[in-house]
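> Fold the following for me, if possible:
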Amino acid sequence: MVALFVSIWLGVSIGSVDVPFSTFWDDTNESLYNILWTIRMPRVLLAGLVGASLAIAGAAFQGLLKNPLADPYTLGVSSGASVGAVATIFFSISIPFISNFTLPIIGMVGALLTMVIVLTFSRLIDRSMKMETLILTGVIFSSFLGSCISLMIALTGDQLREIMSWLLGSVSMRGWPFVKMIVPFVAIGSILLWLYRRELNAMMYGDERAMALGVNVKRSKYAILIGGSMLTGAAVAVSGTIGFVGLVVPHMTRMMWGTDHRHLLPLSFLNGASLLIICDLVSRTIIAPAEIPIGVITAFIGAPVFSYIFYKQRRK
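Numbering: from 1, shown residues only. Model prediction:
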């Protein structure tokens with residue numbers, strides 16, 4: 001929590017214009033006050049909510065799928081959100097009355113439809129919904145939806161820059177409306193995963209042992225998948241695809257505080273928020289006044305860190 005507070009403070013203070021901490025309560029300097037509450041604070045909070053969503057979803061999916069390489073994008077939900085968002089840009093779709101929010105709303109709808117299709121297809125193949133079936137189904141649909149995105153990129157013209165900018169991930173120029181949009185999904189999804197923290201602990205040792213301990217395995221799987229997919233879809237819909245947060249943060253948290261999901265889930269939530277706020281700070285200051293997409297920064301940081309973690313674990 002201290003790390004999160006410090007990252008928020010750094011995120012709102014540092015930039016093209018330095019904002020002193022006293023501006024939080026002192027509105028005598030109107031320009032600094034507006035920069036803080038109109039530009040910096042919503043951006044920092046959105047980055048924190050996106051990072052928290054991806055990290056807690058990643059921790060839940062790694063426990064549920066018993067796969068350390070699982071992340072929020074494993075089941076293809078992010079690909080569904082990306083197809084919805086890219087299609088919105090490609091076809092210049094605008095929904096009346098909510099034109100500014102057409103892209104994230106269609107992105108969330110795409111994520112929801114993908115989740116339903118993946119779960120339904122997995123259920124048709126294997127009524128017990130084994131984890132390997134879910135993973136393979138997610139890979140199948142991710143590949144198909146990825147080809148749809150590639151097709152639209154190949155056919156696009158003037159929208160190419162906008163599409164690529166969105167796919168690389170960003171939380172700039174979103175404002176308070178996007179923060180308000182993602183908050184309900186983050187709250188519902190996180191609470192749902194938290195309610196099944198004990199079931200996640202039991203299912204880490206296999207479905208049979210979890211059932212022997214009295215866990216309703218099928219219901220727990222559905223609830224965890226829905227909660228994690230809701231968090232992932234909302235995060236991707238408002239910020240684009242940001243990799244490695246949901247993969248690296250749970251690993252680092254697990255190394256420091258253990259595998260008990262009663263601790264792992266809330267700590268991953270806090271650490272994911274802190275990491276993405278710092279990554280966003282780096283993305284907008286390292287080559288200021290230009291910005292680097294935040295997905296590029298997370299990949300630069302995440303790939304070496306995850307390689308080191310993977311190497312250390314295998315050496316042990």
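> and the residue positioned nearest the centre of the chain, what does it touch?
Nearest to the mean C-alpha position of the chain, counting by C-alpha atoms, centre = their mean, stands L54 at 2.9 Å. L54 makes contact with 71-72, 231-232, 235, 242, 245-246, 249, 272, 276, according to C-beta atoms under 8 Å, 6 or more residues apart in numbering. To be clear about C-beta, it is placed using only N, CA and C from the backbone, and glycine gets the same treatment.
> residue ranges with poor pLDDT in the stretch 201-316 of the chain?
316 (pLDDT under 70).
> Can you show me the helices along it?
Shown for the stretch 201-316 of the chain, the helices assigned by DSSP state H, counting those that start in this stretch span residues 207-212, 217-239, 245-257, 261-285, 294-315.
> So for Q62, which of those helices sits nearest?
Nearest of the helices of the stretch 201-316 of the chain to Q62, taken as C-beta to C-beta: helix 245-257 at 5.5 Å.
> Next, S94: secondary structure please.
Here S94 is recorded as coil under DSSP: H, G, I helix; E, B strand; the rest coil.
> What pLDDT does the model give the spatially closest residue to it that is not a sequence neighbour?
Once flanking residues are discounted, S94 sits nearest to T102: 5.3 Å by C-beta to C-beta, 6 or more residues apart in numbering. Here the pLDDT value assigned to T102 is 86.
> got it, and the one 10 residues further on?
As summarised for this prediction, L112 has a pLDDT of 86.
> which residues does it contact?
80, 229, 233.
> and what of K218?
128-129.
> and the gap between it and W194?
Per C-beta to C-beta, to the nearest Å, K218 is found 20 Å from W194.
> picking up where we left off before, got a markdown table for the contacts of L54, with neighbour count too?
Listed next are those as a markdown table, based on neighbours: other C-beta atoms under 10 Å:
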| residue | neighbour count |
| --- | --- |
| D71 | 26 |
| P72 | 29 |
| L231 | 33 |
| T232 | 30 |
| A235 | 36 |
| I242 | 31 |
| V245 | 32 |
| G246 | 33 |
| V249 | 30 |
| G272 | 30 |
| L276 | 34 |
